[in-house]
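Novice: quick one, structure for this:
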Amino acid sequence: MAKMSEYKPGTPCWVDLSTKDLEGAKSFYGALFGWTNEVSPDPAAGGYTMFQLNGQPVAGAMGLMSPEQPTVWSSYVSVEDLDKTAEAVGSHGGQVMVPPMDVTDVGRMGVFVDNGGAVFGCWQPRAFHGAAVVNEPNTWCWSELLTRKPDEVKAFYPEIMGWTYQTNPMGEHGEYTEWQLDGRSIAGMMVMDPENFPAQVPPNWNIYFAVADCEAAAAKVGKLGGQVMVPPTTIPIGTFSVVQDPQGATFSIIQMAAGASS
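Specialist: Numbering: from 1, shown residues only. The predicted structure is shown next:
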């Protein structure tokens with residue numbers, strides 16, 4: 001397994017689900033990925049749930065904080081100083097949605113909006129550093145920014161996270177950008193073209209989970225009450241599908257091709 005004990009600042013480190021039906025989500029993801037769950041006993045954690053695989057934390061889940069909050073997967077980037085990150089977001093055209101706050105004794109979190117309108121989270125670790133297992137079947141393997149303002153965000157994230165980027169053509173599919181930290185690709189970016197992304201779909205960070213068999217996993221999503229939004233599609237690095245859980249949260253699954261890595 002690809003085990004992680006800590007994450008260098010600027011590296012995506014965690015994903016969690018905000019959902020209108022936490023018990024339903026536990027059932028769905030448990031059946032889909034084989035996850036078990038552990039609810040924090042600390043009342044201050046508000047019932048925050050750790051999804052686990054083989055006893056290791058791989059993702060989180062919580063109920064909605066307000067009726068207006070969407071059911072959605074969120075991605076978090078590890079940072080060294082969350083207060084400085086919040087200041088940088090504001091000074092480079094972004095917004096602070098949830099100001100830096102302590103999460104018991106495990107770390108500090110903040111939620112922000114980039115200058116292209118996509119929401120992202122940041123995590124300053126203390127006792128908890130992030131997902132303990134990644135890039136293996138039934139674990140998180142990639143986060144991908146979907147944006148309508150590529151030039152703006154290409155200026156934003158390098159200032160906030162210290163990222164560089166590399167953009168490559170994808171033939172008829174336009175181009176794909178890989179966000180990099182110290183020369184290593186750590187996340188991606190695609191431009192939301194009108195043909196595939198209706199105007200009502202907001203910019204967002206899309207989450208990918210690795211699976212051993214994309215066709216089988218997509219079929220299972222449907223059997224469990226979810227929806228397949230984009231059927232299994234083969235690309236150079238593997239076969240992916242965009243799906244939605246029964247509560248309405250969209251995410252992607254991907255079966256990596258032999259020799260490919262995320």
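Novice: you'd agree Gly60 is up against Phe51?
Specialist: Yes. Contact between Gly60 and Phe51 holds when scored by Cβ atoms under 8 Å: they sit 6.7 Å apart. From N, CA and C alone the C-beta is placed, and that goes for glycine too.
Novice: so between those two, which is more surrounded?
Specialist: Taking neighbours as other Cβ atoms under 10 Å, Gly60 and Phe51 compare with Phe51 leading, 26 against 20.
Novice: following the helix or strand harbouring the more buried one, which helix or strand shows up next?
Specialist: Element membership for Phe51, per DSSP states H and E: strand 49-53. For strand 49-53, the following helix or strand on the C-terminal side (DSSP H and E) is strand 56-63.
Novice: the helices in the stretch 101-250 of the chain, which residues?
Specialist: Assigned helices in the stretch 101-250 of the chain, in chain order: 150-161, 214-223 (criterion: DSSP state H, counting those that start in this stretch).
Novice: quick check: buried residues in the last one?
Specialist: By 16 or more other Cβ atoms under 10 Å, the buried positions in helix 214-223 come out as Cys214, Ala217, Ala218, Lys220, Val221.
Novice: nearest to Asp83, out of the helices of the stretch 101-250 of the chain?
Specialist: Smallest distance to Asp83 across these (Cβ to Cβ): 13.2 Å, for helix 150-161.
Novice: mind checking how far the closest one is from the chain centre?
Specialist: Averaging C-alpha positions (Cα atoms, centre = their mean, to the nearest Å) puts helix 150-161 18 Å from its chain's average.
Novice: same for it, what does it pack against?
Specialist: Applying 3 or more Cβ pairs under 8 Å, 6 or more residues apart in numbering; DSSP states H and E, one finds that helix 150-161 contacts helix 82-91, strand 164-169, strand 175-181, strand 184-191.
Novice: mind doing that once more with 7 Å?
Specialist: The criterion is 3 or more Cβ pairs under 7 Å, 6 or more residues apart in numbering; DSSP states H and E, and the helices and strands that helix 150-161 contacts are helix 82-91.
Novice: quick one, the helix it packs on and helix 150-161 angle?
Specialist: 150 degrees (axes from the mean of the first three to the mean of the last three Cα atoms, to 10 degrees).
Novice: and helix 82-91, which residues are buried?
Specialist: Of the residues in helix 82-91, Leu82, Thr85, Ala86, Ala88, Val89 count as buried by neighbour count, 16+ other Cβ under 10 Å.
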